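Participant: Give me coordinates for this.
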Amino acid sequence: QPAAAPTVPTATAIAKTGANVRAAPVSGNIVQRVEFGTQMTVIGGQAQGSGTNYVWAQVRLPGGATGFIRHSFVKITGSAAQWGLSAGDEYPAPMRNYWWVRGFGIGFPANDANEVQHNGWDLGANTGEPMLAGPNGGVVTQTMLCTKCTPDRPSTLMQGLSLGDQSVFNDPGWGFGYGNFVVIRYDHTLLPASTQQRLAQRSLPGAHIFVLYGHLASFNVGVGQPLSAHQQFAQCGNTGNSEAAHLHLEVRAGANPNAQWAQLRSGLLDPGVLFSR
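Facilitator: Residues are numbered from 1 along each chain as shown. This next block holds a predicted model:
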């Protein structure tokens, strides 16, 4: 019996207001602006370089035209690892209905001001959107209830503080800026093969992945609680250092399964090590 033909990877636009497909990466002429939800075929990829971790997916549009779109504006389905894109076995985004807001940016050049020093991904969603655990379950290692977040004024902005006020990041009353948050550990043996490989490449063989889910409206789990596959454990919100309802998704790796979040700072990673967009 002949082997099945490999699945052709696709890219779905996840930028809420659309994104540009260009004739060449970065500053090429705009071929077409694609709306949220547009599905394209991935036919290649090219790293942006210049100190960034951006990759530009080469895509074929529904009408047949081709061009490049920045990988942070699309969700890749299927394996496009040969072009430096998703391998296809990553965990899905923790919410079913969401849009892309902001990416991981450590050491980005100054002209990428909207992403400098951002330690995770921001995914926009409506308040109350269910937050789901990974496909192989996990264990809750930490929770934080934002005591200064009130139902009518859950965010710092709503209480007269500026976005990014440094005092907030040292204040447990604001959840250290994260608002309500939950940390879940995903054990190494249950991680996707591509994640295990990425950890090994970063000299972290055997490390577990710890994921912080921030700015939650509410959560219904406790420390030490095991979670089943895709179990709902929280709802998206606008608590803490936040200007609109969204999920802040932050990933750290460590060998000690009992490590607390603050002990894992040196293991900070781009969430793409585990998640697809």
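Participant: who's in contact with the lowest-mean-pLDDT helix or strand in the chain?
Facilitator: The helix or strand of the chain with the lowest confidence, counting by mean pLDDT, DSSP states H and E, is strand 99-102 at a mean of 92. The set of residues external to strand 99-102 that reach it, using Cβ atoms under 8 Å, 6 or more residues apart in numbering, is 14-16, 36, 72-73, 114-115, 118, 121-125, 246, 277. All C-beta spots, glycine's among them, are computed from the backbone N, C-alpha and C.
Participant: So which residues of the stretch 51-200 of the chain form strands?
Facilitator: Residue ranges of the strands in the stretch 51-200 of the chain, as given by DSSP state E, counting those that start in this stretch, are 55-60, 66-70, 74-77, 99-102, 121-124, 130-132, 138-144, 180-186.
Participant: mean pLDDT lowest for which of the ones you listed?
Facilitator: The minimum mean pLDDT among these belongs to strand 99-102 (a mean of 92).
Participant: Going along the chain, name the helices of this protein.
Facilitator: Taking DSSP state H to define them, one finds helices in the chain at 193-201.
Participant: Looking at it, which strand is longest?
Facilitator: Within the chain, and with DSSP state E defining each element, the longest strand by residue count is strand 208-219.
Participant: So for stretch 269-277, mean pLDDT?
Facilitator: Within the predicted structure, the mean pLDDT of stretch 269-277 is 94.
Participant: please begin residue numbering at 263 from this point
Facilitator: Got it, first residue is 263 now, which makes that one stretch 531-539.
Participant: who touches that stretch?
Facilitator: Defining contact as Cβ under 8 Å, 6+ apart, one finds that stretch 531-539 is touched by 276, 315, 334, 336-339, 348, 352-356, 362, 366, 382-383, 396, 448, 453-454, 457, 460-461, 464, 471, 473, 511-515.
Participant: what's the span of that stretch from first residue to last?
Facilitator: The first residue of stretch 531-539 is 15 Å away from its last residue (Cα to Cα, to the nearest Å).
Participant: Run a quick neighbour tally on His450.
Facilitator: By other Cβ atoms under 10 Å, 18 other residues sit near His450.
Participant: domains of this protein?
Facilitator: 272-348, 372-535 (automatic domain parsing).
Participant: in the stretch 263-412 of the chain, which ranges drop under the pLDDT threshold?
Facilitator: Counting by pLDDT under 70, the low-confidence segments of the stretch 263-412 of the chain come to 263-268, 368-379.
Participant: rerun at 50
Facilitator: 266-267, 368-378 (pLDDT under 50).
Participant: Fine, thanks again, bye for now.
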